[in-house]
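> Can you look at this prediction? I've put the sequence above it.
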Amino acid sequence: MTATNITISAKGSAPQRTRGEGAVGRFITLGGVFGALLLMIVALAKSIDSTTEDAPYVFHVDTFIQGVVDGRPDALAAAGCVLLVMTPLFRIIWITIMLTASKRGRFAAAAACVLAILVAAMFAGSWN
Amino acid sequence: MNLTDLLLLLFAGTAAGAVGSMLGVGGGMIIIPVLTSFFPFEFEQARATSLFAVIATSCGVAVATGKERFGNLRLSVILAVPTALAAFLNALLAYRTQASVLYLLFSGVLIVAALLMWRREPPENNYHESDGASPNSLDGIYYDPKLGREVMYKIRRVPSLFGVSAVAGGVSGLLGVGGGVFQVPAMSLLGEIPMRAATATSNFLLGVTAAASLPIYMSRGHVRPLESTAVVIGVFGGAFAGAAFAKKLHGTALRRLFTIILVILAIQMFRKGL
């Protein structure tokens, strides 16, 4: 059933599977969700004991990375937020690539996704 | 922001996540009025936090219902294009629009959402099953545990769905909500997609839509990481619980209650816009 991308299961059995929502697709979702949750819970726990009022640095890349390395609550929380935002994006990129039938098409889809992200990032940056 | 405020945000997130996942909406329509009315949040900050909540609901439901593949991935990928594009552009537009106008628009969207929610068709009675559906096209198939068999459906009026998706994405980018309240009825009524599949497909789209517009808010420094974290953790928990309870609860009473809440929030937002 590869040509149709849909495997029809026997009546009454487990649901059918479409390409793109297999092990890797689930790993992206689960990994993103639990990674983000872990960072966020650590951030929240740390924030109870420390003041973060003087941390307007978040999302300036260099200080953001330093903040994560230092374990500052705001930076950890921001890292969790970034991971969360990336999860649906990575998921749909993976699904788009896997739904493309031919190998050449998949490469083209992957390239188009990377290009779209770059253009969007540049466009967003230029509007600051 | 002290510990009590963070706990209150956690609680607000839990409530929004639970209701959102039970009704197939992102929860942003609750989060934004609550944040702007009861917490010291600017409208931009509330929209950004709400978009995080929308992604959390989408991902939380995806994890909770991962093995039940009700959603139509092919349709999701197609509809993600207009939705994400409109969300991205309208997030930029939101920064050029006066806050009072956005408050009034938000109020109007809440009223429309309340009407749609009140009038929503009962699940699984508004589609044409299997008449000409083909596994090669956008048409879908899923196993329905309630019916005990597979349901195959044909999708109709795809161009209209494309248009509605663009509108939903635009509203999401402009006002920071998920847009599921437009997507689900459109898929059900226009596309004649079974409600179960429409809700799952919309839930997937919500995450993509919010992820497309959030970088705009991030790049302008309107994200409050710790406060967003408290809301998101609450939303995750609420979305898991809501997804589990949705199978057991009767939806009509819940929908009606949610409608009333929406109207109250609409009045609140209208007053802020004046």
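Thanks, I have the structure now. Numbers count the residues shown, from 1 in each chain, chains lettered A, B, ... in the order given.

> Show me where the chain has its strands.
This is for chain A. A:6-7, A:17-18 (DSSP state E).

> if you could check chain B rather than the one you did, that'd help
Using DSSP E, the strands found in chain B span residues B:140-144, B:149-153.

> Compare the ones you listed and give me the one nearest chain A.
Closest approach to chain A among those (CB to the nearest CB): strand B:140-144, 3.9 Å. The C-beta positions use only the backbone N, C-alpha and C, and glycine is treated the same way.

> Give me the buried positions along the closest one.
B:140, B:141, B:142, B:143, B:144 (16 or more other CB atoms under 10 Å in any protein chain shown).

> which of the residues you listed are close to chain A?
The overlap between these and the neighbours of chain A (CB under 8 Å from any CB of the partner chain) comes to B:141, B:142, B:143.

> Can you name the residues bridging to the first one?
Here residue B:141 sits in beta bridges with residue B:152, going by DSSP bridges.

> Let's see the pLDDT reported for residue B:121.
Per-residue confidence at residue B:121 stands at 54 (pLDDT).

> Next, count neighbours for the closest residue to residue B:235 other than its chain neighbours.
Computed as CB to CB, 6 or more residues apart in numbering or on different chains, the closest residue to residue B:235 that is not its neighbour in sequence is residue B:17, at 3.6 Å. Neighbour count for residue B:17, taken as other CB atoms under 10 Å in any protein chain shown: 32.

> looking at it, residue B:17 is touching residue B:245, isn't it?
No: Residue B:17 is not in contact with residue B:245 according to CB atoms under 8 Å; the separation is 11.6 Å.

> can I get the CA coordinates of stretch A:83-96 in PDB?
C-alpha atoms of stretch A:83-96 as PDB (Å, rounded to 0.1, in the frame of the first residue of the first chain):
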ATOM      1  CA  LEU A  83      11.600  24.400  22.200                       C
ATOM      2  CA  LEU A  84       7.800  24.400  22.500                       C
ATOM      3  CA  VAL A  85       7.500  26.700  19.400                       C
ATOM      4  CA  MET A  86       9.900  24.500  17.400                       C
ATOM      5  CA  THR A  87       7.900  21.300  18.100                       C
ATOM      6  CA  PRO A  88       4.900  21.900  15.800                       C
ATOM      7  CA  LEU A  89       7.200  23.400  13.200                       C
ATOM      8  CA  PHE A  90       9.500  20.400  13.100                       C
ATOM      9  CA  ARG A  91       6.500  18.100  13.200                       C
ATOM     10  CA  ILE A  92       4.800  19.600  10.100                       C
ATOM     11  CA  ILE A  93       8.100  19.800   8.300                       C
ATOM     12  CA  TRP A  94       8.600  16.100   8.900                       C
ATOM     13  CA  ILE A  95       5.100  15.200   7.900                       C
ATOM     14  CA  THR A  96       5.400  17.400   4.700                       C
END
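
> residue contacts, residue A:22?
residue A:98 (CB atoms under 8 Å, 6 or more residues apart in numbering or on different chains).

> Excluding covalently adjacent residues, which one is nearest to residue A:82?
Using CB to CB, 6+ apart, the closest residue to residue A:82 is residue B:218 (7.8 Å).

> tell me the contacts of that neighbour?
Counted by CB under 8 Å, 6+ apart, residue B:218 has contacts A:59, A:81, A:82, A:85, B:48.

> cool, and residue B:166?
Counting by CB under 8 Å, 6+ apart, residue B:166 touches B:82, B:83, B:85, B:86.

> Now distance to chain A, pLDDT and neighbour count too, for these, in CSV please.
As requested, the contacts of residue B:166 are exported to CSV (distance: CB to the nearest CB, whole Å; pLDDT from 0 to 100; neighbours: other CB atoms under 10 Å in any protein chain shown):
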residue, distance to chain A, pLDDT, neighbour count
B:82, 14, 92, 19
B:83, 11, 92, 28
B:85, 10, 91, 19
B:86, 13, 93, 25
